[in-house]
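Asks: Generate coordinates for the sequence data below:
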Amino acid sequence: MRNRLWIFTATLLVLWGAHTTHAQQIKWLRVGDLQSFFNEIGAEYECEGPSCTNHLDWPSQYGVGSLVGQHNCRARGLWIGCKNFNDPVEGKIKSVKVIGSGPRDFADRTYEIFEKEFKLIGRTLHPNVIVDNQHATVLDTYDQLDETDPTLPADRELLIRFNTSIGISVTKRVYAFANSSHGNYFIHDYVFTNTGIYDRQGHVQQQTLDSVWFFFTYRYAFNGATTASRAGSSWGAFATEWGASTINHTFGEDPTATEFNDPTSPIYKMRGFYSWYGPEKDSPRPSYAEDWGCPNQNKDGWLGSAKYAGCVTLHADTSPQDQTDDPYQPRTTWFISSDISIMSAGVSQYNELFMADKYTAMTEGHPPHPHDYVIGDSYAQDYSDPRRQAGGGTSQDQSYGPYRLAPGDSIHIVFAEGVSGLSWEACGTIGANWLSWRNNSPVKPQLYLPNGDTTTNYNLYKRRWCETGKDSILQTFQRATKNFSSGYTIKNPPGPPGSFAVTSGGSQIHLEWAASVDESATDFDGYVVYRSEGLVLDFQAVYVKIFECNKSNVVHSFDDVTAKRGFDYYYYVQSKDDGTRNTVDPGRPLYSSLFWTVTSVAANLQRPAATGAWWDSVRVVPNPYDIRARLFQFGTKSQYDRIAFYGLPPTCKLRIYTENGELIWEKEHTRGTGDELWNSTTSSGQIIASGIYILYVEAPDGKTVFRKFVVIR
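Replies: Numbering: from 1, shown residues only. Below you'll find the predicted structure:
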């Protein structure tokens, strides 16, 4: 694992939106703050090769599904096991039978999981988003609905059905909510039914299944945008890619405990676990205390991993005959090494010794102490136990059972999976304060702890703020629990604008949107527009509110006159209520999800196209281009390395040659404007060197012009 470096581009991810290696389909849930892909075989296994990445992205506004995504999970696994299984393939009774999907893929999996149905269902279609007459939303790729259902309990549902070689058929539903109070968790709803179907052809052998367990394992990895394998960032240790330093904590195993039954307790009537980034032994920061939150100590101090992820059980049938919730489930909550053989090796389902080892893990009950208690204030890698930590990190298990399933019997299990922690903006502020003290800056900010006290211990300051993520993830679990127990009757924000169009102009950028379906509601309170300069859905992006209206002055358009020439801009527009819909934080407005309308195509100021003798108006700006003067062109936006071509005809071919006549870049200019921007890279993505270059412009009527320009790097 340590010697593998996966290269995964955003372009490949788009192409991968329908299929992965091993011909397994994936589909995305991308409408809320938490976003992820899901596999049709029931678990998102760790895979190897160029088409693999970590997943479970939060906060998705600052990176999703790309090299710099806010990834928090390496792999999940689902196993199903029982005793005394009459195997129809071998014609003999197995002392134990265990089949499953993940946490890694293996050859025998195709003989254990038999895909049946895979659908993405939505309550409504996503809005149409256009920038300069181009489709401009990633949802056109990732949110292709198989059907719509206006009665859906969530904004999106993934429906996954498959049969298994143990004779249990699985119906899995994953619910996602485009709600600012409920958008950072998914609800996983499983129904396991003893149908007797045991192969891909649908053959049936009826039998009662004894001592059945349903086992889920989670390998969380809080690498996010920080690791060296991620484009544009390198302040985290690569080992965090697979969760080498992840720490886990379980709670609520004993429903008779005082804390479980105390209404003032943060875990009141809840059982589950959460995980977080423990300081990484191989991190570039010199001490355990400094590495809390994985700060970018060489740049701005930004905390890259100040977040928590985990699951809370919402329901587990007591038995097939008793569908009331069993508060003692899950009955196994052990932590386990992510790299031991049962978690990584692909051994046949007919190997009883191997399956017996898996079954032991599934049924071993509760540990005397949770993982974090064992680790204490030390590096997770320093804990040595061949079963629990073998160098590649520790996964957390949740196993439900034992159940006895006669033919036709079903078990219903529901849990919520969420991610929360410090907001991305707070990660920047707290990290910058920490760095100022660490570097002994002349002017140091006052360090306020979460409880309001002050301190000069900058490492303690950072740690205490990182640890507030525990409260945040428990609050997430509380919200998910309330949502489920209410029958999914939470109040939703107003529907998003019906469409959104952005048009580049010469002196302004025009934004226009269609009315929300809820605009006539008495609690509707207008729209808000945000803008990002140069980057969108990226961990470096900065979003600024540039417009807001309320119910008294509702409009459906806005002209951005503060845009500057030479810069790219991305926008989103949200509907909002007056705060009366918010049952979580009454009085605070609920906003439609930004992901409904966020643009993925840049808008920028564009001059009118040249007419008449256009060849006299073509210019290269600046000329010469000196990278050392970039600050004067673009200020702090260091991502720009840009040369502009002005005075173009409305349609033309653009080519750039070296002084020796080598073609290095070309583009069809079809925007009908007089401007085109070049990012100083060749068509193959190489950054150009210093030298003399030649711009060639050819109009449809065959007229051409050349312009020579100089680049100094």
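Asks: For the stretch 251-400 of the chain, just list every one of the strands.
Replies: Under the criterion DSSP state E, counting those that start in this stretch, strands of the stretch 251-400 of the chain are mapped to 272-277, 307-319, 322-325, 335-337, 394-405.
Asks: between these, which one is nearest to Gly418?
Replies: Minimum separation from Gly418 across these (CB to CB) falls at strand 307-319, 6.9 Å. Heads up, the C-betas are built off the backbone N, CA and C, glycines and all.
Asks: Turn the strands of the stretch 251-400 of the chain into TSV, including mean pLDDT.
Replies: As requested, these are exported to TSV (pLDDT from 0 to 100):
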stretch	mean pLDDT
strand 272-277	98
strand 307-319	98
strand 322-325	98
strand 335-337	97
strand 394-405	98
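Asks: Phe192 is in contact with Gly167, isn't it?
Replies: No: counting by CB atoms under 8 Å, Phe192 does not reach Gly167; the two are 10.6 Å apart.
Asks: how about the helices in this structure?
Replies: Ranges of helices in the chain, per DSSP state H, are 10-15, 139-142, 258-261, 341-344, 352-362, 371-375, 424-438, 458-466, 469-485, 630-634.
Asks: a markdown table for those helices, including distance to Val89 and mean neighbour count?
Replies: Shown next, in a markdown table, are the helices of the chain (distance: least, CB to CB, whole Å; neighbours: other CB atoms under 10 Å):
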| stretch | distance to Val89 | mean neighbour count |
| --- | --- | --- |
| helix 10-15 | 37 | 14 |
| helix 139-142 | 39 | 18 |
| helix 258-261 | 44 | 12 |
| helix 341-344 | 21 | 19 |
| helix 352-362 | 14 | 19 |
| helix 371-375 | 38 | 19 |
| helix 424-438 | 51 | 20 |
| helix 458-466 | 51 | 21 |
| helix 469-485 | 39 | 20 |
| helix 630-634 | 65 | 15 |
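Asks: Give me the pLDDT value at Gly635.
Replies: Here, the pLDDT recorded for Gly635 equals 71.
Asks: one step back: and the strands of the stretch 251-400 of the chain: which comes nearest Phe558?
Replies: When the strands of the stretch 251-400 of the chain are compared by CB to CB, strand 307-319 sits nearest Phe558, at 33.4 Å.
Asks: Just list whatever residues bridge to the residue nearest to the spatial centre of the chain.
Replies: Centroid-nearest residue in the chain, with CA atoms, centre = their mean: Asp57, separated by 1.7 Å. Beta-bridge partners recorded for Asp57 (DSSP bridges): Gln35.
Asks: Tell me if I'm right that it and Gly32 touch.
Replies: No: Asp57 is beyond contact range of Gly32, at 10.6 Å (criterion: CB under 8 Å).
Asks: Might you report the residue contacts of Thr318?
Replies: Thr318 makes contact with Thr324, Asp325, Asp326 under the criterion CB atoms under 8 Å, 6 or more residues apart in numbering.
Asks: okay if I get those residues as JSON lines plus neighbour count and distance to Ala515?
Replies: Shown next, in JSON lines, are these (neighbours: other CB atoms under 10 Å; distance: CB to CB, whole Å):
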{"residue": "Thr324", "neighbour count": "10", "distance to Ala515": "46"}
{"residue": "Asp325", "neighbour count": "17", "distance to Ala515": "43"}
{"residue": "Asp326", "neighbour count": "19", "distance to Ala515": "48"}
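Asks: what's the neighbour count on the nearest residue to Ser60 once chain neighbours are set aside?
Replies: Excluding the flanking residues, the one nearest Ser60 by CB to CB, 6 or more residues apart in numbering is Gln35, at 4.4 Å. Neighbour count for Gln35, taken as other CB atoms under 10 Å: 27.
Asks: Which strand residues bridge the residue lying closest to Arg173 once chain neighbours are set aside?
Replies: Excluding the flanking residues, the one nearest Arg173 by CB to CB, 6+ apart is Asp189, at 4.3 Å. Counting by DSSP bridges, Asp189 is bridged to Arg173, Val414.
Asks: can you redo the strands of the stretch 251-400 of the chain as a markdown table with distance to Ala289?
Replies: Output for the strands of the stretch 251-400 of the chain, formatted as a markdown table (distance: least, CB to CB, whole Å):
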| stretch | distance to Ala289 |
| --- | --- |
| strand 272-277 | 14 |
| strand 307-319 | 19 |
| strand 322-325 | 42 |
| strand 335-337 | 24 |
| strand 394-405 | 22 |
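Asks: Comparing the ones you listed, which stretch has the densest surroundings?
Replies: Mean neighbour count, computed with mean count of other CB atoms under 10 Å, is highest for strand 272-277 among the strands of the stretch 251-400 of the chain, reaching a mean of 28.
Asks: what inclination does it have with respect to strand 307-319?
Replies: Between strand 272-277 and strand 307-319, the angle comes out at 160 degrees (axes from the mean of the first three to the mean of the last three CA atoms, to 10 degrees).
Asks: For strand 272-277, C-alpha coordinates in CSV please.
Replies: The C-alpha trace of strand 272-277 is given here as CSV (Å, rounded to 0.1, in the frame of the first residue of the first chain):
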residue,chain,number,x,y,z
GLY,A,272,-22.9,4.1,17.1
PHE,A,273,-19.4,5.2,16.6
TYR,A,274,-17.3,8.1,15.2
SER,A,275,-13.8,8.3,13.9
TRP,A,276,-11.3,11.1,13.4
TYR,A,277,-7.8,12.0,12.3
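Asks: how far is that strand from where the chain is centred?
Replies: Here the centre of strand 272-277 is set off from its chain's centre by 17 Å, with CA atoms, centre = their mean, to the nearest Å.
Asks: and what of stretch 641-654?
Replies: Worked out by CA atoms, centre = their mean, stretch 641-654 lies 36 Å from the chain centre.
Asks: And stretch 524-540, by the same measure?
Replies: Worked out by CA atoms, centre = their mean, stretch 524-540 lies 18 Å from the chain centre.
Asks: Run through the stretch 151-300 of the chain and note the low-pLDDT ranges.
Replies: For the stretch 151-300 of the chain, the stretches with pLDDT under 70 are 228-233.
Asks: Could you rerun that using 80?
Replies: Applying pLDDT under 80 to the stretch 151-300 of the chain flags the ranges 227-234.
Asks: still on that earlier bit, which among the strands of the stretch 251-400 of the chain is found nearest to Tyr45?
Replies: It is, among the strands of the stretch 251-400 of the chain and with distance given as CB to CB, strand 394-405, at 12.4 Å.
Asks: Against which helices or strands is the closest one packed?
Replies: Contact here means 3 or more CB pairs under 8 Å, 6 or more residues apart in numbering; DSSP states H and E; on that basis strand 394-405 packs against strand 209-220, strand 246-251, strand 272-277, strand 307-319, strand 335-337, helix 352-362, strand 410-421.
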